[in-house]
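# would you be able to build a 3D model of this:
(2 chains)
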Amino acid sequence: KAGVTQTPRYLIKTRGQQVTLSCSPISGHRSVSWYQQTPGQGLQFLFEYFSETQRNKGNFPGRFSGRQFSNSRSEMNVSTLELGDSALYLCASLSGGTGELFFGEGSRLTVL
Amino acid sequence: AQSVAQPEDQVNVAEGNPLTVKCTYSVSGNPYLFWYVQYPNRGLQFLLKYITGDNLVKGSYGFEAEFNKSQTSFHLKKPSALVSDSALYFCAVSRYNFNKFYFGSGTKLNVKP
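Now for the predicted structure:
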């Protein structure tokens, strides 16, 4: 079974630009969540989608948004990038039966 | 509100010695507790979980964790550390429906030969 796939793995943007990150969950997993990981803040929950609906949202500004498609693939978008948005963005799909999260390897965003 | 605390940013242990990585939690209702490990430039990998039942749970790579309800703790342990155990460890708590997880800040484990 293929794991969680995130693209791109690395990207560099400048302040004010926007970025879209993609996540393909494990086949059959319908819940996809996103996390921001920074050295100082640890792992911060962004949002969670299930069957194309956002079920939970973390405490991030409206510049951070996401969506989920009918095939469970998910995207997150960050508009008007700030230096502080530099981070590793992790996507995870949930095995609903076991409660285990399966993480992708992340998209490392650098904002200059 | 749900939260997880990992009081140690870093734990240093010699290879062959036992290791403990601490985690305490705050949750309304029954806790569902997890440990994940992250190697450099990788995503997190599941190690073990406590849902219900025996307070001592065993997981991957020889790790185990003990659920202590009175102390609201879920410490990760291993009887004999390996250099290859060096990584970043995260404790997490979730509610019954698993639609939101709260992660601790992470503990960096350094195992020295």
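# drop to CA atoms for contacts and neighbour counts, all remaining ones
Noted.
# dead centre of the chain: give me the residue that sits there.
All of this is about chain A. Nearest to the geometric centre of chain A sits residue A:34, at 3.4 Å (CA atoms, centre = their mean).
# that's the wrong chain, I wanted chain B
Chain B has residue B:35 as the residue nearest its centroid, 3.7 Å off, counting by CA atoms, centre = their mean.
# and the gap between the closest residue to the residue nearest to the centre of chain A other than its chain neighbours and residue A:26?
With sequence-adjacent residues excluded and distances taken as CA to CA, 6 or more residues apart in numbering or on different chains, residue A:34 is closest to residue A:91, at 4.5 Å. Distance, residue A:91 to residue A:26, by CA to CA, to the nearest Å: 11 Å.
# the two: who's more crowded?
Legend: neighbour count by other CA atoms under 10 Å in any protein chain shown for residue A:91 and residue A:26, higher for residue A:91 (33 against 23).
# what's the pLDDT at the residue nearest to residue A:34?
For residue A:91, the model assigns a pLDDT of 97.
# what sits against residue A:55?
A:47, A:48, A:49, B:99 (CA atoms under 8 Å, 6 or more residues apart in numbering or on different chains).
# among those, who's most crowded?
Compared across the contacts of residue A:55, residue A:48 has the highest neighbour count, 28 neighbours, by other CA under 10 Å.
# mind listing what it touches?
Applying CA under 8 Å, 6+ apart, the residues near residue A:48 are A:31, A:32, A:33, A:34, A:54, A:55, A:56, A:57, B:99, B:100.
# same thing but at 7 Å, please
Applying CA atoms under 7 Å, 6 or more residues apart in numbering or on different chains to residue A:48 gives the contacts A:31, A:32, A:33, A:34, A:54, A:55, A:56, A:57.
# also residue A:56?
So residue A:56 contacts A:47, A:48, B:100 (CA under 7 Å, 6+ apart).
# related to what we said a few turns ago, so which of the contacts of residue A:48 comes closest to residue A:85?
residue A:34 (14.0 Å; CA to CA).
# pLDDT weak spots in chain A?
Along chain A, segments meeting pLDDT under 70 span A:1.
# all strands for it, in order.
A:5-7, A:10-13, A:19-24, A:31-38, A:42-50, A:53-57, A:64-68, A:74-78, A:87-95, A:100-103, A:107-111 (DSSP state E).
# so how far is stretch A:88-108 from its chain's centroid?
Centroid separation between stretch A:88-108 and its chain, computed with CA atoms, centre = their mean, to the nearest Å, is 9 Å.
# near chain A, which residues of chain B?
Residues of chain B that fall close to chain A, judged by CA under 7 Å from any CA of the partner chain: B:42, B:43, B:44, B:45, B:46, B:98, B:100, B:103, B:105, B:106.
# what number of residues lie near the last one?
Using other CA under 10 Å as the criterion, residue B:106 is surrounded by 29 other residues.
# hmm, residue B:6 and it touching each other?
Yes. With contact defined as CA atoms under 7 Å, residue B:106 counts as touching residue B:6 (6.4 Å).
# ramachandran coordinates for the residue of chain B found nearest chain A?
Closest to chain A within chain B is residue B:43: 4.1 Å, counting by CA to the nearest CA. Residue B:43 has phi and psi values of phi -80, psi 180 when expressed as degrees, to the nearest 10.
# buried residues in stretch B:40-55?
In terms of neighbour count (16 or more other CA atoms under 10 Å in any protein chain shown), stretch B:40-55 has its buried residues at B:43, B:44, B:45, B:46, B:47, B:48, B:49, B:50, B:51.
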